[in-house]
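Undergrad: just to be clear, the model below is a prediction. Sequence and coordinates:
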Amino acid sequence: MVKIYVMTHKLFQKPQDEIYIPLHVGRAASQDLSYLGDDTGDNISALNCYYGELTGLYWIWKHETEADIVGICHYRRYFLNESGMFLNKQEYESILAEYDVMTSKLLGSALDNWTNYAACHNRSDMEAVGEAVKKLYPSDYEAFSKVLSDTKCCYGNLMVTTLDKYREYCAWLFPILEEAGKKIDVSSYDLYRKRVFGFLSEVLLYVWAVARGYRIYEGKIGLTAEKAETVEFKHDIERLVQQGDLEAAKEFFYHTMQERPDLRLGLSDLKGEIPIVEKLLYIMHQEQKEGGPGLLALSRELAVLIEHYKNSANLIAKNGSSARSRAKAYFDVFALSDTAFGIIEQDVNGSLSFYHYLNEGEPAKKVCAVVSVSSCADTLSGCIGNLVNQTMEDLAVIFIDSCEDAAGKRLLLECMQQYPKKVQVFTAKEWNRQLDSDLSSQSKNQSGLDLGSGNGMQHAADLDIHMTGRQAENRPAAMDSEYIIFVRGEDMPDPAMCEKLYQKAETGGWKLAGGKYIDHRTGNIKQMLENEKHGYNSSVGLDEAGTKNGLEFCPGSDKVSREGNGNIGWGILIHNSLWKEIRERFKIQEDGQLRIKEAADFIVSSADSAGSVDEVLYGYSG
């Protein structure tokens, strides 16, 4: 007998084949859907918000006794045959006669599973799982390490196997999750990431199969519909737009994206409409502030507005500034205000930034991390993950993007969209456009810091100009943060870096705080701020050749230019007041850069204002 349980928390159109059995997961805490539920007998149904479909997995383990082959699918995800049809009883039996377990297709990545998990979740949770495996099943730890270092894995918790192996898997899995759960704190997680045990188990399914040397059949997965919550989300946005309440629509959009960033993923938003809805809200909100009717005068139905946006973008892409006049040949009505035209044009040209919209009214943070991103290096995903998941909550992260490759831009955009109240992303072009429109020429000539090559800025002052007083009405509040820390997208900050440096700076009264860093080129560990002989004595500076006289002020840099071209302080926390003082005192008038040697001498001379944490907090890639 074959039983494939279809995990669901929504009403859906079930497959006609009787081997597919709907199972309502999390029924203990939700309205009854009239399906078989996971809340009878021995169950963990009430933990569904943390375990996801695993509450159904658990219920089957404790209650299924008849099937020879048992498996799980989702209400919109199924195993398909080569003809694109749901697998039937005979096909499952044929596969399991040759293989031990069926999973979704193993998806490959340019990055290992450790890095991929850290980019989306909390790495320490997976480390807790590793410790649990080592404690409960020490012989399986080698397989755990192997899988986490691998670049491929199965996702979705879809599986089919014999009942005996299914029971074996559950008896292995749930004790691991219970043990790891003793060290996992989900109190600060959003609704999406609270399902942490479901995400962890995706990796563990592969670990279990690898540890036992089981033959894995990689099944083809088909999607039958958009994610139910994604569809509901669009309907709720449309209702608010129809009411003309754009402020409520905006707040609802970004609050939901914070809690459920998965709703906009490609496998959830199959039509790719949510990014367009975001841009429409941006346009309509700006039009409303300017007092014009704009897109709301055209329609209040999302389907109409989405199609209008697509057509407008296509016209602008083909015809540029003449798009309006040419549009009449395509539309009876072409409602496109100057605001809408400008925003869509920026989108078409790849220079659109939602920064002012996303973070409008956001208060300044204690620390602002400014990240220079020049390429989608192998470490970028991990760098992003470690920054957005910093243990310090009072943190803003600003990415300056000059990536040439689409993969890097996609990572940064997804990061901003998932963390709209914490993360901002500027392209170099958009950054300069903001400077041109918001800042006076006098402001542009004020001092800046040259962060070195590949930092995503076309002029050294581009970054620095937003670090000084409130230059424009929409100036980023995050830049008024008490401390600033500069990071390279190629490097790997420790998840506790900002908190540890901030706490030490506050308790020590420091204006400059560093730690240790590891140079990944050599494996050597050094101090960011180091002078063994003199500590932070004012007599220590740079020699006439510009070399560091025992001072590791910039990881990986052996020389600091006296002419103003060089780096200062990757991974070093600097107080905003000190930063302003450096800029004002050591700026080069003609090009706005800093006299790096004199600036470094000045900082080091402040013996009572600098200190170091005796921990490795930063990884430098060279």
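TA: Cool, the structure landed.

Undergrad: only C-alpha atoms for contact and neighbour calcs from this point on.
TA: Noted.

Undergrad: count the neighbours of the residue lying closest to Gly181 once chain neighbours are set aside for me.
TA: What sits nearest to Gly181 in space, not counting adjacent residues and going by Cα to Cα, 6 or more residues apart in numbering, is Ala128, at 7.8 Å. Ala128 has 19 neighbouring residues, counting by other Cα atoms under 10 Å.

Undergrad: before we move on, what about Ile276?
TA: Per other Cα under 10 Å, the neighbour tally for Ile276 reads 16.

Undergrad: just to revisit the earlier point, helix, strand or coil for the residue nearest to Gly181?
TA: helix (DSSP: H, G, I helix; E, B strand; the rest coil).

Undergrad: and it, how far from Leu387?
TA: Distance from Ala128 to Leu387, counting by Cα to Cα, to the nearest Å: 20 Å.

Undergrad: just list the residues touching the residue nearest to Gly181, thanks.
TA: With contact set as Cα atoms under 8 Å, 6 or more residues apart in numbering, Ala128 has these partners: Ala180, Gly181, Lys183, Ile184.

Undergrad: go through the residues you listed and flag which are in helices.
TA: Among those, DSSP state H puts Ala180, Gly181 in helices.

Undergrad: ok, so of the contacts of Ala128, who is nearest Trp59?
TA: Gly181 (19.3 Å; Cα to Cα).

Undergrad: how near is the closest one to Ile276?
TA: Separation of Gly181 from Ile276 (Cα to Cα) stands at 39 Å.

Undergrad: and if you look at Leu387?
TA: Counting by Cα to Cα, the separation of Leu387 from Ile276 is 27 Å.

Undergrad: do Gln242 as well
TA: Distance, Gln242 to Ile276, using Cα to Cα: 17 Å.

Undergrad: and Ile574, what does it touch?
TA: Tyr483, Ile484, Ile485, Lys511, Leu512, Ala513.

Undergrad: residues touching the closest residue to it other than its chain neighbours, list them.
TA: Excluding its sequence neighbours, the residue lying closest to Ile574 (Cα to Cα, 6+ apart) is Leu512, at 4.6 Å. Shown in contact with Leu512 (Cα under 8 Å, 6+ apart): Ala505, Ile572, Leu573, Ile574, His575, Ser609, Ala610, Gly611.

Undergrad: now the residue nearest the centre of the chain: phi and psi?
TA: Residue closest to the mean C-alpha point of the chain, counted by Cα atoms, centre = their mean, is Cys415 at 3.5 Å. Backbone torsions for Cys415, taken as degrees, to the nearest 10, come to phi -60, psi -50.

Undergrad: the residue nearest to it when sequence neighbours are not counted: how many residues sit nearby?
TA: Take Cys415 and drop its neighbours on the chain: the residue closest to it by Cα to Cα, 6+ apart is Val423, 7.1 Å away. For Val423, the neighbour count with other Cα under 10 Å is 25.

Undergrad: correct me, but Val423 touches Glu414?
TA: No - using Cα atoms under 8 Å, Val423 is not in contact with Glu414, being 10.2 Å away.

Undergrad: if we can go back for a sec, what bridges to the residue nearest to Cys415?
TA: Beta-bridge pairing of Val423 under DSSP bridges involves Val397.

Undergrad: just the pLDDT for it.
TA: Confidence at Val423, expressed as pLDDT, is 84.

Undergrad: then Gly272?
TA: On pLDDT, Gly272 comes in at 89.

Undergrad: can we start the residue count at 801 from this point?
TA: Sounds good: first residue 801 from here, last item Gly1072.

Undergrad: quick one: contacts for it?
TA: Applying Cα under 8 Å, 6+ apart, we find Gly1072 in contact with Arg1064, Gly1066.

Undergrad: and it, helix, strand or coil?
TA: Assigned with three-state DSSP, Gly1072 falls in the coil class.

Undergrad: low-confidence ranges, the stretch 1101-1250 of the chain, go.
TA: Within the stretch 1101-1250 of the chain, the set of residues satisfying pLDDT under 70 comprises 1124-1135, 1151-1163, 1177, 1217, 1227-1250.

Undergrad: can I assume Ile1184 is in contact with His921?
TA: No - applying Cα under 8 Å, one finds Ile1184 not in contact with His921, separated by 10.9 Å.

Undergrad: over to Ser949: give its phi and psi.
TA: Taking degrees, to the nearest 10, you get phi -90, psi -10 for the backbone angles of Ser949.

Undergrad: so who does the residue nearest to it when sequence neighbours are not counted touch?
TA: Spatial nearest neighbour of Ser949, excluding adjacent residues (Cα to Cα, 6+ apart): Asp912 at 5.3 Å. Under the criterion of Cα under 8 Å, 6+ apart, the contact partners of Asp912 comprise Leu948, Ser949, Asp950, Thr951, Lys952.

Undergrad: leaving out sequence neighbours, find the closest residue to the last one.
TA: The spatial neighbour of Lys952 that comes closest, neighbours along the chain excluded (Cα to Cα, 6+ apart), is Gly908 at 4.2 Å.

Undergrad: check which helices and strands the longest strand seen in the chain is in contact with.
TA: In the chain, taking DSSP state E as the definition, the longest strand is strand 1410-1420. Helices and strands touching strand 1410-1420, as assessed by 3 or more Cα pairs under 8 Å, 6 or more residues apart in numbering; DSSP states H and E, comprise strand 1292-1293, helix 1297-1308, strand 1312-1319.

Undergrad: paired strands for the following helix or strand past the last one, with orientation please.
TA: This means strand 1312-1319. Helices and strands here follow DSSP states H and E; after strand 1312-1319, the next one along the chain is strand 1324-1327. Its sheet considered, strand 1324-1327 pairs with strand 1312-1319 (antiparallel) by DSSP bridges.

Undergrad: which residue, neighbours along the chain excluded, lies closest to Leu1105?
TA: Among residues not flanking Leu1105 along the chain, Ser1099 sits closest, at 6.5 Å (Cα to Cα, 6+ apart).

Undergrad: what helix or strand is the one you found located in?
TA: Counting by DSSP H and E, Ser1099 is found in no helix or strand.

Undergrad: next secondary structure after the helix or strand of the chain with the lowest mean pLDDT?
TA: Least confident helix or strand, the chain: helix 1261-1264 with a mean of 32, by mean pLDDT, DSSP states H and E. Once helix 1261-1264 ends, the next helix or strand along the chain (criterion: DSSP H and E) is strand 1283-1288.

Undergrad: ok, back up a step: ranking the contacts of Asp912 by neighbours, who comes first?
TA: Leu948 (22 neighbours).

Undergrad: how about the contacts made by Gly871?
TA: Lys803, Ile804, Tyr805, Leu958, Met959, Val960, Thr961.
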